[in-house]
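Undergrad: Predicted model, plus sequence, below.
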Amino acid sequence: EIDIRDNGVGFEPVETPGGGQYGIIGMKERARLIGGSIVIERAPKKGMSLRLNLDLSMVPAISGAPDA
């Protein structure tokens with residue numbers, strides 16, 4: 001599990017005519033493709049948290065990567 005937090009103003013995803021949320025959607029989709037998940041929590045004026053959960057035994061080996 002990786003948990004990234006800030007204590008700033010946070011953010012509000014907004015729907016824009018051109019999409020505007022592909023970054024978050026892309027992160028969630030990539031995590032899902034390797035058996036993980038991403039949870040984003042936010043509170044106005046209190047910051048945000050992005051949590052990535054992965055079961056490393058389920059992550060496929062990357063061709064050419066050194067063995068750990």
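TA: In hand now; what should we look at?

Undergrad: any low-confidence regions in this structure?
TA: By pLDDT under 70, the weakly predicted segments of the chain are 10-21, 59-68.

Undergrad: please redo it, this time with the cut-off set to 90
TA: Where the chain drops to pLDDT under 90, the residues are 6-27, 33-35, 40-48, 54-68.

Undergrad: Run through the strands of it in chain order.
TA: Here the chain has its strands, by DSSP state E, at 2-6, 37-43, 47-53.

Undergrad: show me what contacts residue 41?
TA: By Cβ atoms under 8 Å, 6 or more residues apart in numbering, the residues touching residue 41 are 48-49, 51. Every C-beta, even on glycine, is put in place using the N, C-alpha and C of the backbone.

Undergrad: May I see the ChimeraX selection of the buried members of those residues?
TA: One line in ChimeraX is enough to select the buried ones among those; burial here means 16 or more other Cβ atoms under 10 Å:
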select :48
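
Undergrad: Please tabulate the contacts of residue 41 in JSON lines and include distance to residue 34 as additional columns.
TA: Shown next, in JSON lines, are these (distance: Cβ to Cβ, whole Å):
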{"residue": "48", "distance to residue 34": "23"}
{"residue": "49", "distance to residue 34": "21"}
{"residue": "51", "distance to residue 34": "15"}
